[in-house]
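Visitor: coords please:
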Amino acid sequence: MKERVEIVNSLDVQTLVENSALLRCPICQASFAAGDSNCVVCEQGHRFPVEGGLPILFTAHPEYGSKTDVTDVMKAFYMENPFPDYEDTDSVGSLIDRAEQSVFARALHQALPLGARVLEVGCGTGQLSLYLSVAKRQVFGVDLCPNSLQLARRFRDTHQLNRATFYQMNLFRPIFKPESFDLVYCSGVLHHTGFPRKGFEAISTLVKPGRYIIIGLYNRYMRIPTHLRRILSRFVDIRRIDPIVRRFSTRKKQETWFMDQYRNPHETDHSIGEVIGWFEANGFDFVNSIPSPKFGKTADAVSRPFEEGARASAAETVLSQITAIPTFGREGGLFIVVGKRRR
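Guide: Model (predicted):
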């Protein structure tokens, strides 16, 4: 007589099925009714595979496969070049140390209350999601690339960081019900899609009234040094001219940064004023940005991301981005904008 083997669902499958008030089918918006090690099923019968414990919940958006859509191109790129890696992260302590090398990540951790529900869209290998989950927050990380998510899940399971769960998801077709999160965080992602504003509109609906969204995008001014270095990288060894590559201790880290910054198949550049327009059109008030639109206020914005910052004229907002080129341009020209959903 064969011994009966009990199938234990992954944490991610369990959370999907048990949280009917939060998660929904990306096709029909019904709740998920059942799941096992092979698939999850919604109440209307739509089935999604589970691969190695990871629910694969990608559903195509209307523009998928069109000439302007880059979903498959970007997925293939990051499947081959997962970012960031876990090379120097072998414990929860090292995860925290690495995350807190970013002053903003540390300030974000300190500003978010215990018990907050957080969604990171485009979480990659999940390091920020796992870091934020340490303080008894419920954190969901979603990404297009299953291999990156499996790295996140492996670290989570090894170190029992069970307040974080991970799913493959198309950000244009969310798997969450509207107004579910205290914070939606999406940095370094929308500018790699074919439709950045539509992506913002899709994920902005997930924010609770009175709560926050944080968007990080390449800046059209501060990204100029990277564009120039990208041209030079065709002719010289980039390690001689990139200020970040020189900091990395291993060839693998250098190659990961090089591919993300200099060989990425698609990116767009944006501005603080443009994102403020997105906010206003979708029921959000502008809170702050990094760099600040007001001269001399960037340090305040970094240390207190959810406090309303100083306002500035359109001209000063542009000038603040131009004058930030020497500082922010060294590290890729990413800027961050914080918005609060109106009640």
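
Visitor: what ranges do the helices span in the stretch 101-250 of the chain?
Guide: Taking DSSP state H, counting those that start in this stretch as the criterion, the stretch 101-250 of the chain contains helices spanning 103-111, 127-133, 146-159, 196-204, 224-232.

Visitor: deepest of those helices, which one?
Guide: helix 127-133 (a mean of 24; mean count of other Cβ atoms under 10 Å). No exception for glycine: its C-beta is placed from N, CA and C like everyone else's.

Visitor: contact partners of that helix?
Guide: Applying Cβ atoms under 8 Å, 6 or more residues apart in numbering, the external contacts of helix 127-133 come out as 84, 86, 89, 95-96, 98-99, 105, 108-109, 112, 118, 120, 123, 139-141, 152, 155-156, 161, 163-164, 166, 185.

Visitor: now swap in stretch 229-241 and tell me
Guide: For stretch 229-241, contacts defined as Cβ under 8 Å, 6+ apart pick out 242, 245-246, 254, 258, 261-262.

Visitor: picking up where we left off before, please name whichever of the helices of the stretch 101-250 of the chain is nearest to residue 281.
Guide: Nearest to residue 281 among those is helix 196-204 (8.3 Å), distances taken as Cβ to Cβ.

Visitor: Does that closest one pack against any helices or strands, and if so which?
Guide: On a contact count with 3 or more Cβ pairs under 8 Å, 6 or more residues apart in numbering; DSSP states H and E, helix 196-204 meets strand 181-187, strand 207-218, helix 272-281.

Visitor: Can you check what pLDDT the model gives the residue lying closest to residue 200 once chain neighbours are set aside?
Guide: Leaving aside its chain neighbours, residue 200 sits nearest to residue 278 (5.3 Å; criterion: Cβ to Cβ, 6 or more residues apart in numbering). For residue 278, the pLDDT comes out at 98.

Visitor: Start at 85, not 1
Guide: Will do, 85 is the new start, and the previous item becomes residue 362.

Visitor: What's the local residue count around residue 362?
Guide: Neighbours of residue 362 under the rule other Cβ atoms under 10 Å: 21.

Visitor: so who does it touch?
Guide: Neighbouring residues of residue 362 by Cβ under 8 Å, 6+ apart: 281, 284-285, 288, 299, 368.

Visitor: May I see those arranged in a markdown table, with pLDDT and distance to residue 214 as well?
Guide: Formatted as a markdown table, the contacts of residue 362 follow (pLDDT from 0 to 100; distance: Cβ to Cβ, whole Å):
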| residue | pLDDT | distance to residue 214 |
| --- | --- | --- |
| 281 | 98 | 29 |
| 284 | 98 | 25 |
| 285 | 98 | 28 |
| 288 | 98 | 24 |
| 299 | 98 | 21 |
| 368 | 98 | 27 |
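
Visitor: mind listing what residue 309 touches?
Guide: Residue 309 is in contact with 409, 413-414, 417, counting by Cβ under 8 Å, 6+ apart.
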